[in-house]
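[1] Coordinates for the following, if possible.
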Amino acid sequence: MSNPTLVKARQVAAAHFQDAGRDDLARMILAGDLDDLPELAIASRALRDLAPMIERFERALAAYADEDFWGDGECYSALAFHDQGKIARAALSGEDILVYTAG
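    Predicted coordinates:
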């Protein structure tokens with residue numbers, strides 16, 4: 001099974017070469033060739049560096065997407081009433097929202 005970060009890095013590097021008019025290189029990269037190209041290493045590093053931030057955002061969105069977060073109509077009993085955006089602000093500021101509790 002392929003490394004998902006490498007697959008995405010190939011897509012990013014291929015898009016770069018397509019934009020530069022090098023469709024030949026883009027096709028080779030997408031085929032799994034040229035993994036030693038600096039552009040692919042740069043894309044891989046950027047994706048690895050961004051992964052923790054993306055994971056924080058996904059956890060925050062998952063919290064807000066959970067029906068239980070919004071309660072059943074009684075606003076004072078809903079986590080959303082007590083949260084007032086704290087989960088989102090924590091995720092945006094780099095905090096781990098898994099340690100967050102509403103209230």
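[2] Run the chain-centre distance for the longest helix seen in the chain.
    In the chain, with assignment by DSSP state H, the single longest helix is helix 38-65. Between the centre of helix 38-65 and the centre of its chain there are 3 Å (C-alpha atoms, centre = their mean, to the nearest Å).
[3] Can you show me the strands along the chain?
    Assigned by DSSP state E, the strands in the chain number zero.
[4] Run through it and note the low-pLDDT ranges.
    Residue ranges of the chain with pLDDT under 70: 1, 73-77, 98-103.
[5] show me the contacts for the most centrally placed residue in it.
    In the chain, the C-alpha closest to the average C-alpha coordinate belongs to Ile54, at a distance of 2.8 Å (C-alpha atoms, centre = their mean). Contact partners of Ile54, counting by C-beta atoms under 8 Å, 6 or more residues apart in numbering, are absent. Every C-beta, even on glycine, is put in place using the N, C-alpha and C of the backbone.
[6] Please tell me how far it sits from Ala20.
    With distances defined as C-beta to C-beta, to the nearest Å, the gap from Ile54 to Ala20 amounts to 26 Å.
[7] again, but for Asp68
    The value you get for Asp68 to Ala20, if C-beta to C-beta is used, is 48 Å.
[8] Asp66 now?
    Between Asp66 and Ala20 the distance, using C-beta to C-beta, works out to 43 Å.
[9] Now Thr32: phi and psi?
    Heads up, residue 32 is Gly, not Thr. Listed backbone geometry of Gly32 is phi 100, psi 10, with angles given as degrees, to the nearest 10.
[10] Name all residues that make contact with it.
    Arg10.
[11] Ile29: neighbouring residues, count only.
    The number of residues packed around Ile29, counting by other C-beta atoms under 10 Å, is 26.
[12] Find the nearest non-adjacent residue to it, please.
    Beyond its immediate neighbours in the sequence, the residue positioned closest to Ile29 (C-beta to C-beta, 6 or more residues apart in numbering) is Ala14, lying 4.6 Å away.
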